[in-house]
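Novice: For reference, the sequence and a predicted model appear below.
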Amino acid sequence: MKKSWLYLLLALMVSGKISAQAETFDIYQYTAPKEWVKQAGSGTMAFTLSDDKKNTFAMIVLYSSRKSEGSAQKDFDKSWDIVSKSTGITTAPQMQAPETDKGWTSLTGVTTYVADKATAAIVLSSFTGSGKCGTVLVSFNDAGYQAAIEAFLNSLDLNANAAPVTTQNNNTTTTTTTASSTAGGISYTVPRGWTETKNANGSVSIASPLLECRENSYYTIHYLGSSVYNGSLQEYAANLHKSYFYEGANAPTQYMSGDKNISKGYDNDGREYLSFATSAHLFDKDRCYHYGMVYLLRTGDQMAVFLVELRPVNSNKEGIPGWGNFLSDCNALRSAWSRFLSAVKFNKPGKPLGTLPEELFGNWESRVILGATYFGFIDSRIMERYHFMEDGRYQSQKMLAGNNYGKYQVTGNKLTITDASGKSSSYRFRLESVFEYGSWKRELTLLDANGKEVTLRYDGE
């Protein structure tokens with residue numbers, strides 16, 4: 001299936017020919033691009049190639065087929081919604097003219113985004129036929145990949161009679177859904193485009209599609225169950241992290257105990273939480289860099305246990321797929337994880353502890369970074385500053401604006417601020433202590449009714 005949109009995106013024509021044995025996945029038959037890395041995911045088949053020295057990459061992802069929504073346009077819209085939510089790309093695609101080939105109607109949308117300071121193209125094609133819909137995603141940031149991409153697409157054929165990709169046996173049941181689900185004392189919603197697997201031991205694994213983070217990686221949320229626990233969350237998380245994410249007690253690549261990133265506090269619903277992670281490390285078993293995070297969520301004495309894990313795409317890679325905290329380095333992952341947590345509900349919740357008003361006392365400020373080096377910040381400028389006083393009064397100051405005085409009130413995890421004119425604004429808030437770079441700091445995140453977040457750092461009394 002030749003795609004004319006390649007000529008709209010690439011000015012450079014590179015001749016080349018790729019020959020290999022035909023392969024199949026779900027409804028697709030194709031010739032895999034030679035020397036590209038092949039990665040089978042939950043409901044996806046991906047091919048990637050990159051050059052770290054040139055900072056270039058390309059990927060092709062086949063999504064398992066699904067039931068058609070009834071029209072080619074509706075199928076494309078749903079496919080784009082799945083991809084945009086999993087990648088974090090919100091720019092509307094430029095639509096190409098519909099194409100029909102062998103009973104399949106295809107619609108293609110094209111847009112661009114910035115990845116690692118380079119402009120990249122993302123191209124999504126949906127195929128509608130025989131009551132089914134297939135989806136193919138292509139993304140690249142260099143014209144040199146044109147020959148391989150075009151050869152792959154020219155080799156692509158669709159078979160409406162092929163069996164869909166599913167996983168179901170005596171040990172696991174795998175589905176792709178966005179509906180609510182329950183397991184081990186909680187209910188939750190699977191992120192759109194992710195695949196849920198319920199295991200025989202009661203645990204749940206929820207695997208991502210290919211996310212366009214650095215190195216274009218896969219991630220998995222593991223839910224291990226809930227139990228009654230009144231002890232130290234930090235001690236529990238540290239032991240669990242060592243059990244799951246160390247390669248071995250004698251391995252030279254095990255995570256270092258001093259290289260920690262910890263966040264703890266109360267979320268927007270007043271529930272206590274703690275996350276525990278370390279930096280990436282190279283594992284001997286697959287020559288890949290791995291990340292892992294333990295996340296504990298507690299309400300009353302009921303605690304739920306989650307793991308978030310990076311599943312590497314490429315082996316024998318010198319580069320690390322992200323710097324620092326892997327969760328904050330990937331917009332698509334952070335967005336899916338935040339939505340997942342907000343939907344988690346305990347079947348028998350205890351009373352949330354919430355935040356005490358006195359925990360807000362003092363000065364808080366947000367800053368904009370004006371410059372940075374590899375090793376740290378050069379300069380920053382205060383954007384907002386709040387001073388919450390013990391008697392319920394507050395003072396706020398915004399850049400290019402004067403002081404604003406008023407009163408504030410804390411009820412559970414709701415903050416209401418009333419300024420001197422009598423105008424009130426309400427926020428849900430999250431208060432947390434963060435350990436990184438060898439020291440603790442405190443953060444206060446305000447969430448308004450429109451979903452806008454402002455994060456403030458504690459700056460003393």
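Specialist: Done, it's in.

Novice: Is the spatially most central residue of the chain in a helix, a strand, or coil?
Specialist: Centroid-nearest residue in the chain, with C-alpha atoms, centre = their mean: Leu333, separated by 0.5 Å. Here Leu333 is helix, with the state taken from DSSP: H, G, I helix; E, B strand; the rest coil.

Novice: Surely it and Ile221 touch.
Specialist: No: Leu333 is beyond contact range of Ile221, at 9.8 Å (criterion: C-beta atoms under 8 Å). The way it works is simple: take the backbone N, C-alpha and C, and place the C-beta from them, glycine included.

Novice: Please, where are all the helices along the stretch 201-350 of the chain?
Specialist: Using DSSP state H, counting those that start in this stretch, the helices of the stretch 201-350 of the chain run over residues 233-245, 331-343.

Novice: what residues are up against Val136?
Specialist: Shown in contact with Val136 (C-beta atoms under 8 Å, 6 or more residues apart in numbering): 28, 60-63, 124-125, 127, 153, 156.

Novice: Which of the residues you listed sits closest to Ala277?
Specialist: Nearest to Ala277 among the contacts of Val136, counting by C-beta to C-beta, is Val61 at 26.9 Å.

Novice: Other residues contacting stretch 409-421?
Specialist: Contact with stretch 409-421 is made by 266-270, 352, 354-357, 360, 392, 394, 396, 404-408, 424-430, 446, as judged by C-beta under 8 Å, 6+ apart.

Novice: so how far is it off the chain centroid?
Specialist: Its chain's C-alpha centre and that of stretch 409-421 lie 32 Å apart, by C-alpha atoms, centre = their mean, to the nearest Å.

Novice: tell me the phi and psi of Leu156?
Specialist: Dihedral pair for Leu156: phi -80, psi 130, per degrees, to the nearest 10.

Novice: wait, what's in contact with Thr135?
Specialist: Contacts for Thr135 (C-beta under 8 Å, 6+ apart) come out as 62-63, 79, 82-83, 124-127.

Novice: Where does it fall, secondary structure wise?
Specialist: Using DSSP states H and E, Thr135 maps to strand 132-140.

Novice: Just checking: what are the partner strands of that strand?
Specialist: Applying DSSP bridges, strand 132-140 is found paired with strand 56-67 (antiparallel), strand 118-129 (antiparallel).

Novice: For stretch 45-57, measure first residue to last.
Specialist: Length of stretch 45-57, first residue to last, C-alpha to C-alpha, to the nearest Å: 17 Å.

Novice: Let me know the pLDDT of the residue lying closest to Glu358 once chain neighbours are set aside.
Specialist: Counting by C-beta to C-beta, 6 or more residues apart in numbering, Glu358 lies nearest to Glu390, which is 7.3 Å off, once chain neighbours are set aside. If you check Glu390, the pLDDT there is 87.

Novice: List phi and psi for Glu390.
Specialist: Backbone torsions of Glu390, given as degrees, to the nearest 10, read phi -70, psi -20.

Novice: Strands of the stretch 1-150 of the chain, start to end?
Specialist: With DSSP state E, counting those that start in this stretch applied, the stretch 1-150 of the chain shows strands at 22-25, 28-31, 37-41, 44-51, 56-67, 94-95, 99-101, 104-115, 118-129, 132-140, listed in chain order.

Novice: Would you mark the buried spots in the first one?
Specialist: Spelled out, it's strand 22-25. Neighbour-count burial for strand 22-25 flags Phe25 (criterion: 16 or more other C-beta atoms under 10 Å).

Novice: For that strand, give the mean pLDDT please.
Specialist: 84.

Novice: How about exporting that strand as PDB, limited to the C-alpha atoms?
Specialist: C-alpha atoms of strand 22-25 as PDB (Å, rounded to 0.1, in the frame of the first residue of the first chain):
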ATOM      1  CA  ALA A  22       7.000 -12.000   4.600                       C
ATOM      2  CA  GLU A  23       5.600 -11.900   8.100                       C
ATOM      3  CA  THR A  24       2.200 -11.700   9.700                       C
ATOM      4  CA  PHE A  25       0.700 -10.000  12.700                       C
END
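
Novice: roughly how far is it from the heart of the chain?
Specialist: On C-alpha atoms, centre = their mean, the centre of strand 22-25 falls 29 Å from the chain's centre.

Novice: neighbouring contacts of the longest helix seen in the chain?
Specialist: Identified as the longest helix of the chain according to DSSP state H is helix 72-87. Residues from elsewhere that reach helix 72-87, judged by C-beta under 8 Å, 6+ apart: 63, 68-69, 89-90, 93, 98, 105-107, 109, 122, 124, 126-128, 133, 135, 137, 191-194, 208-209, 211-212, 332, 335-336.

Novice: Thank you kindly, that will do.
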